[in-house]
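Undergrad: Quick one: sequence and predicted model below, then my questions.
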There are 4 protein chains.
Amino acid sequence: MNPVKTRVAIVGSTGYGGVELIRFLHQHPEVEITSVISASSSGKPMSAQFPHLIGVMDMELDGVDAAKTAQKADIVFLATPSGVSSKLVPQYLEAGLKVIDLSGDYRIKDSSTYEEWYKHDAPDAASLEEAVYGLCELKGNDVQGKRLISNPGCYPTATLLGLLPGVEAGWLATDSIIIDAKSGVSGAGRGTSLTSHYAEMNENFKAYKVNKHQHIPEIEQVLGAAAGKPVTVTFTTHLVPMTRGIMSTMYGSTAGNHSEEEWIELYREYYRDRPFVRIRKQGQWPSTKEVAGSNYCDIGFALDARTGRITIIAVIDNLVKGAAGQAIQNMNRMMGWAEHTGLNMLPVYP
Amino acid sequence: MNPVKTRVAIVGSTGYGGVELIRFLHQHPEVEITSVISASSSGKPMSAQFPHLIGVMDMELDGVDAAKTAQKADIVFLATPSGVSSKLVPQYLEAGLKVIDLSGDYRIKDSSTYEEWYKHDAPDAASLEEAVYGLCELKGNDVQGKRLISNPGCYPTATLLGLLPGVEAGWLATDSIIIDAKSGVSGAGRGTSLTSHYAEMNENFKAYKVNKHQHIPEIEQVLGAAAGKPVTVTFTTHLVPMTRGIMSTMYGSTAGNHSEEEWIELYREYYRDRPFVRIRKQGQWPSTKEVAGSNYCDIGFALDARTGRITIIAVIDNLVKGAAGQAIQNMNRMMGWAEHTGLNMLPVYP
Amino acid sequence: MNPVKTRVAIVGSTGYGGVELIRFLHQHPEVEITSVISASSSGKPMSAQFPHLIGVMDMELDGVDAAKTAQKADIVFLATPSGVSSKLVPQYLEAGLKVIDLSGDYRIKDSSTYEEWYKHDAPDAASLEEAVYGLCELKGNDVQGKRLISNPGCYPTATLLGLLPGVEAGWLATDSIIIDAKSGVSGAGRGTSLTSHYAEMNENFKAYKVNKHQHIPEIEQVLGAAAGKPVTVTFTTHLVPMTRGIMSTMYGSTAGNHSEEEWIELYREYYRDRPFVRIRKQGQWPSTKEVAGSNYCDIGFALDARTGRITIIAVIDNLVKGAAGQAIQNMNRMMGWAEHTGLNMLPVYP
Amino acid sequence: MNPVKTRVAIVGSTGYGGVELIRFLHQHPEVEITSVISASSSGKPMSAQFPHLIGVMDMELDGVDAAKTAQKADIVFLATPSGVSSKLVPQYLEAGLKVIDLSGDYRIKDSSTYEEWYKHDAPDAASLEEAVYGLCELKGNDVQGKRLISNPGCYPTATLLGLLPGVEAGWLATDSIIIDAKSGVSGAGRGTSLTSHYAEMNENFKAYKVNKHQHIPEIEQVLGAAAGKPVTVTFTTHLVPMTRGIMSTMYGSTAGNHSEEEWIELYREYYRDRPFVRIRKQGQWPSTKEVAGSNYCDIGFALDARTGRITIIAVIDNLVKGAAGQAIQNMNRMMGWAEHTGLNMLPVYP
């Protein structure tokens, strides 16, 4: 164990991504939270925004000031919206901080694609070039010693972990991929809107941004690299009346003639020794509650001889493996610590 | 209005389908409920099983006895499980009653297919032959004057209403159809099980019976007839942490080169003058709460030029249009009454 | 049945009270909705605000204009916030309309009490004088032929129906009354706030406005009149993670030595022939779902010999008996129609 | 840190109390789980009962056998029902194990009172005599070195932590105490029943066991000891449509004339240096989500000058501070470890 703890700061501490970072970092043995930062609430105590932190994190929120943060911290997490992160990242990098960005800003390598889907300006070329896409279980993904990590999106994390081994192995027809994704409401953030109004969303199930979600190019970029050719997917997002959890139900035509057992073995092999991906046995599909509050991604399969298609089901907690947990996993790997450090909490069940 | 009301009986009154029949039939202007029947609870007052009916329906539950029911009623609804209905239907028919069966027993015309998916014996050939499949909005579906109507399944209702116009028009490649369906927990019935335990299902989203659901052959039978050739679908069912509602999200490759507006117009035309199907305008997708408690099926579209696929989203209340409401709609049509009689309640929102 | 329907208008149609009025009035046999009014959304179709009304109520929202409304309507419902209603009521009265106001503005007869609890100006004295408090089951409450009815609050409705018979009979020590009330989130309205954010309220239970709720003086005013002396109560409000429903759990020391059976009989007698109050039998307490979507108020009792206290439990649907349903019940009584006209829908269960 | 870990066994591992013990003990630095025990499922892997434990706790469930458990473990937790624990405790004690019992069997010191409320036989006198009631924050409560700890009930924990300082100080009239308690559904356990059926309980709020709950004598016993005279309370329990959480809303007439600030200071003083009780500041009341997943009990106050009553609101997670968390806290104190060892997880919010 490190006798001197690494100092971390969190920008966007008053959002759900920020507060979930605090939940894990607060008990991470290698780090100490030295600054919680909020553009809108600086000067107020953190626990005034989130009373569950009373007595635990009463420190005042700092404002956004890269130079001051650099005096207090070694690593900064940006739990800020897309379009905001790209403004802040160059400042924090220049101030000498290591940066882990949870927004979508640095995930898309092609700036025109970014601008088409995100509807605002892409980040500057230099920091975009430097950013490493941090899907931790992606083969060959190496972030150790990097300065800027772009943390994957919530939907792409569940979806890519579910599709990558099959695509890389060539067992999936890449022009056949359809992704039906479902998310809990916390994915929409803490800002108020009619969509996240309790009485509107409770006892309701709805689709949104059908074929238009900004996570589509992220998924296609990574799958295309794995396939060695462009991949285009059909992608639907739905809101589920629950707070946490994503399920991605994925469909594809199989190439080759592999059994369900072989598919399971392919995935077990791909994720061998990776602590946070669990491949379910035949006939068992994961549910979102089975990973809630934890950094796990669980994956199950159903191969249909009648149609020649495989159904792949992956679940994560959108705020953990889909955001804060994976960001900390990325920090661990960046710093050369054991990947699961501070992330060994079990799912909260029931 | 009919001065003498038609008398109706309900078998399986203590399940969710039965009690939902009571909610609508209780205020149906043409009928009077004269017997509520339960094999397991006969002799007890109905309101002892369902306290929300205290003062409204305190009558005692009758046992299963076709001859006695025939003295009290003209029409009998069977809200009984698959495998039970096929035992009862011949008795009620022989006793001279008109029968509307809500189980799966009479939906599958091919007995070996039935037995493969339902895992028990098919109904006798004579009553199976006589049964009319009662998907009310199916073109050419005529139930007036019939004696035995087989009410469609909940998933098939949402799914077929969403797919039929496209398949019939030849605008959908029938070998490309993938159905990702989601249901509230009431679909599993009032029986207790770990699956329907509150603490297991709340804040949870799960897949079940992937590619194995007994509603698959029902969907394929109707689509096959519409297409004029066998159709095989990929079909996944999920449980949503809510009580009521089904969404069927359907995917298919388009044949021909029709615009989203043309798709919408195709469906508007197909369902012209049908009171319970509402086609949404471009860019608007229905959510389950928008039909909750009502007999509506709402349908929306998203055509994706990038992939050549269309996404069709249909929602119903599984207990209404997916069960009791459609059964009453079938009764209305069977009896020659206006189709919406007793079914004009608006969705309960929020 | 009336061959010419009475014309009704609804101000505040885009809130939950307004839209619930539409659900019931739409199928009320004596009336026709001729105008839906919204200060903020006039000119837009009603169904754009509430897609569940597509094809049912596509009419455009009118602006607030008493003279124009008077040309279209005979009765106007005000589903507007406290402080707004008192501005509008005089205009609508002067324009010749009958008015049923769902806000708190006309419930408190003492203006200084109103201003102390509501924190803004009381209504003008003339209209306050004219307003009749419309708790339908209150003994002696007579609204027939009145011009202005003040519809009771949601918490007071459940609470007063639970306490009035006991207080009037002198069986409850009026200085001992403690009311622990719980409400679904729809009671907070459709406006967005952190309190009604799904992720904040789901899987949460919270107290608010403890001893400060503006419904306290309304309860005390009515109980005081029934007791013939001032009554002061302890009153706590809580939010339940559900959309609809209020339970009021009430505690009081008993005066006299009456058995539980006698309490039940006292209440049965008080509410004899009133269609919407159901007194439960001994040992059975109502739950909110057992009245959901309906105009019922169900009441149960537990007498505790150990402490000499009685616990009275009353439940309503806050949007129905606690708002729109009772308002329509008031309209029926005002117009001399049968009290339950248009309100005979059963609870939606489950 | 201990180089050799203490070995713990859990009886009743397949219930919610058992699995929550596993969640915390799995990462407790001083212990190792060496046996998970279930009378009904022995021989099956633990993760077959709870798939969220796949890859984490795949060990087989042992049967109930005190001698075998004694070879594997030093401490045994009994997460077994009342009536079962009293049969097992003597066996485990005799086999030389330290025992922490989560049932109600050893909480009531008077056997006839136990039998009156629990409706079955009281434990044998010797082990009842030996059992120490483990409400950790109770003044003078000393469990270090004890062999048998009786872990408090969920409702009593929230209620007693909320009432004890006031009662002990003589600031509450002990004949005036009314407790209105609310619990999430997990409190009813994993067994299936209509009460815990999702469709029955979702969007529902209900009272149960009014004045009859077996936690009443436990509360009265502890309050009576603190007051130095018998105390009788009015106690109502309700089910909330959520999985976890208890709120106890408590009412009492004040004795003396203390301000709200003085009440807050009284409680802060009582719980000074106790890591898991947080006293809220004036005007702020805790909600259940603010302690979810954690071992905290948060308490807030509202003093009402109008009625001379104080309202005290206490919240806990019923499965943590109300069961598994407090049991581990008791183990820590029994073993002389720091009280918060292994319990420092923050609330899971949102």
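TA: Ah, there it is.
Undergrad: now check stretch A:46-53, is it near chain C?
TA: No - judged by C-beta under 8 Å from any C-beta of the partner chain, stretch A:46-53 and chain C are separated, with a smallest distance of 9.7 Å. Every C-beta, even on glycine, is put in place using the N, C-alpha and C of the backbone.
Undergrad: Can you classify the residue of chain A positioned farthest from its centre as helix, strand or coil?
TA: Distance from the C-alpha centroid of chain A, by C-alpha atoms, centre = their mean, peaks at residue A:306 (34.6 Å). At residue A:306, secondary structure determined by DSSP: H, G, I helix; E, B strand; the rest coil is coil.
Undergrad: wait, isn't it in contact with residue B:220?
TA: No - applying C-beta atoms under 8 Å as the test, residue A:306 and residue B:220 come out as separate, 9.5 Å apart.
Undergrad: residues bridging contact with those two, i.e. touching both?
TA: Residues touching both residue A:306 and residue B:220 (C-beta atoms under 8 Å, 6 or more residues apart in numbering or on different chains) are residue B:232.
Undergrad: Report the buried residues of stretch A:258-265.
TA: Neighbour-count burial for stretch A:258-265, counted by 16 or more other C-beta atoms under 10 Å in any protein chain shown, picks out A:258, A:263-264.
Undergrad: Indicate the residue of chain A located nearest to chain C.
TA: With C-beta to the nearest C-beta, the shortest gap between chain A and chain C falls at residue A:192, namely 3.9 Å.
Undergrad: which SS class is that residue?
TA: coil.
Undergrad: So it versus chain B, what's the distance?
TA: The gap separating residue A:192 from chain B is 16 Å, by C-beta to the nearest C-beta, to the nearest Å.
Undergrad: Not counting sequence-adjacent ones, nearest residue to that residue?
TA: Leaving aside its sequence neighbours, residue A:192 sits nearest to residue C:192 (C-beta to C-beta, 6 or more residues apart in numbering or on different chains; 3.9 Å).
Undergrad: Am I right that that neighbour is in contact with residue A:194?
TA: Yes - proximity of residue C:192 to residue A:194 meets the contact threshold set by C-beta under 8 Å, at 6.3 Å.
Undergrad: more neighbours, those two?
TA: For the pair residue C:192 and residue A:194, the greater number of neighbours falls to residue C:192 (16 against 12), based on other C-beta atoms under 10 Å in any protein chain shown.
Undergrad: Distance check, that one against residue C:253.
TA: 43 Å (C-beta to C-beta, to the nearest Å).
Undergrad: got it, and residue A:223?
TA: Taking C-beta to C-beta, one finds residue A:223 at 71 Å from residue C:253.
Undergrad: Ok, residue A:64 next?
TA: Noted for residue A:64: a distance of 59 Å to residue C:253, by C-beta to C-beta.
Undergrad: Residue A:334 too?
TA: Applying C-beta to C-beta to residue A:334 and residue C:253 gives a distance of 66 Å.
Undergrad: Would you mind telling me which of these two has the busier surroundings?
TA: Ranked by neighbour count (other C-beta under 10 Å), residue A:334 and residue C:253 place residue A:334 first, with 22 against 17.
Undergrad: doesn't residue A:143 make contact with the more buried one?
TA: Yes - the criterion here is C-beta under 8 Å, and residue A:334 meets it with residue A:143 at 5.0 Å.
Undergrad: Spell out which residues are contacts of both of these two.
TA: Common neighbours of residue A:334 and residue A:143 (C-beta under 8 Å, 6+ apart) are residue A:149.
Undergrad: Centre of the chain to the longest helix along chain A, how far?
TA: For chain A, the longest helix by residue count, based on DSSP state H, is helix A:154-168. Distance, stretch centre to chain centre, for helix A:154-168: 12 Å (C-alpha atoms, centre = their mean, to the nearest Å).
Undergrad: Which pLDDT value goes with the closest residue to residue A:142 other than its chain neighbours?
TA: Ranked by C-beta to C-beta, 6+ apart and with sequence neighbours excluded, the top spatial neighbour of residue A:142 is residue A:132, at 7.7 Å. On the pLDDT scale, residue A:132 is placed at 98.
Undergrad: Is there a neighbour count for residue A:132? I'd like the number.
TA: Neighbours of residue A:132 using other C-beta under 10 Å come to 16.
Undergrad: With residue A:84 instead?
TA: Using other C-beta under 10 Å, residue A:84 has 16 neighbouring residues.
Undergrad: Isn't it up against residue A:103?
TA: Yes - using C-beta under 8 Å, residue A:84 is in contact with residue A:103, at 7.0 Å.
Undergrad: got a list of what residue A:342 touches?
TA: Counting by C-beta under 8 Å, 6+ apart, residue A:342 touches A:24-25, A:27-31, A:328, A:332.
Undergrad: What are the boundaries of the helices in chain A?
TA: Using DSSP H, the helices found in chain A span residues A:16-25, A:46-49, A:66-72, A:85-94, A:111-118, A:125-130, A:154-168, A:198-201, A:216-227, A:260-270, A:325-335.
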